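Kindly generate the corresponding structure for this input.
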Amino acid sequence: RDFLGETLRNARPLLPEELRDFRERFHGSLAKAYYDDASQHYELWFRRAAGRVELGLHFESRDADANARMLDWFAEALGLIKAELGERTEAERWDRGWTRVHQTLSLPERLSPEFADELAQRLARFIELLEPLRREATGWTDGRRRG
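Purely as a prediction, here's the structure:
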């Protein structure tokens, strides 16, 4: 948890002022950063058995249709997202009707301050690019507006 907390702390000042106010939750080997809706959150998840760390925007509402609508929104922008965040970035359905836009990275054997900085930079870039899209999509998927 200390390493994950450090990573979130390091990401905050890298963000534009209007995106620095995210809230945090920690659950074992994962950390969540979120704004207005905890079911839509940015996640750092250490998957030690696989030797990977996942970085992503997760949609984990109890409403699987709402999650699917968010995935559809992001799937339309996946070309732009991959251009900005890298070809390893995927948008997909997964467990319990949840969906996500994510990428995985190799997890080093030893967690270092340098790795925390690298993850913080990647997380900040994820948030800076995806949060405006998420906010726009939320308005659309709630039936209020699109564009």
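
can you pull the buried residues of the helix or strand of the chain with the lowest mean pLDDT?
Here the helix or strand of the chain ranked lowest by mean pLDDT, DSSP states H and E is helix 113-141, holding a mean of 91. Within helix 113-141, the residues that qualify as buried by neighbour count (16 or more other CB atoms under 10 Å) are 115-116, 119-120, 122-127, 129-131, 133-134, 137-138, 141. No exception for glycine: its C-beta is placed from N, CA and C like everyone else's.

ok, and what's touching stretch 16-29?
For stretch 16-29, contacts defined as CB atoms under 8 Å, 6 or more residues apart in numbering pick out 1, 4-5, 8, 12-13, 31-35, 38, 41-42, 45-48, 127-128, 131.

Please point out which parts of it sit buried.
Leu19, Phe22.

starting at the chain centroid, how far to that stretch?
10 Å (CA atoms, centre = their mean, to the nearest Å).

Now, the contacts of stretch 16-29 that are in helices?
Residues of the contacts of stretch 16-29 located in helices (DSSP state H): Leu4, Gly5, Leu8, Ile127, Glu128, Glu131.

from the residues you listed, which is closest to Ser61?
Comparing the ones in helices among the contacts of stretch 16-29 against Ser61 with CB to CB places Glu131 closest, at 17.1 Å.

can you tell me how far the closest residue in space to the closest one that isn't next to it in sequence sits from Leu133?
Spatially, and ignoring its direct neighbours in sequence, Glu131 is nearest to Leu19 (5.8 Å; CB to CB, 6 or more residues apart in numbering). Plainly put, Leu19 is 12 Å away from Leu133 if you go by CB to CB, to the nearest Å.

tell me which residues of stretch 75-90 are tucked away?
For stretch 75-90, a neighbour-count test (16+ other CB under 10 Å) marks Ala77, Ile81, Leu85, Thr89 as buried.

Can I get these in JSON lines including secondary structure and distance to Pro108?
What follows is the buried residues of stretch 75-90, written out as JSON lines (DSSP: H, G, I helix; E, B strand; the rest coil; distance: CB to CB, whole Å):
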{"residue": "Ala77", "secondary structure": "coil", "distance to Pro108": "31"}
{"residue": "Ile81", "secondary structure": "helix", "distance to Pro108": "25"}
{"residue": "Leu85", "secondary structure": "helix", "distance to Pro108": "20"}
{"residue": "Thr89", "secondary structure": "coil", "distance to Pro108": "21"}
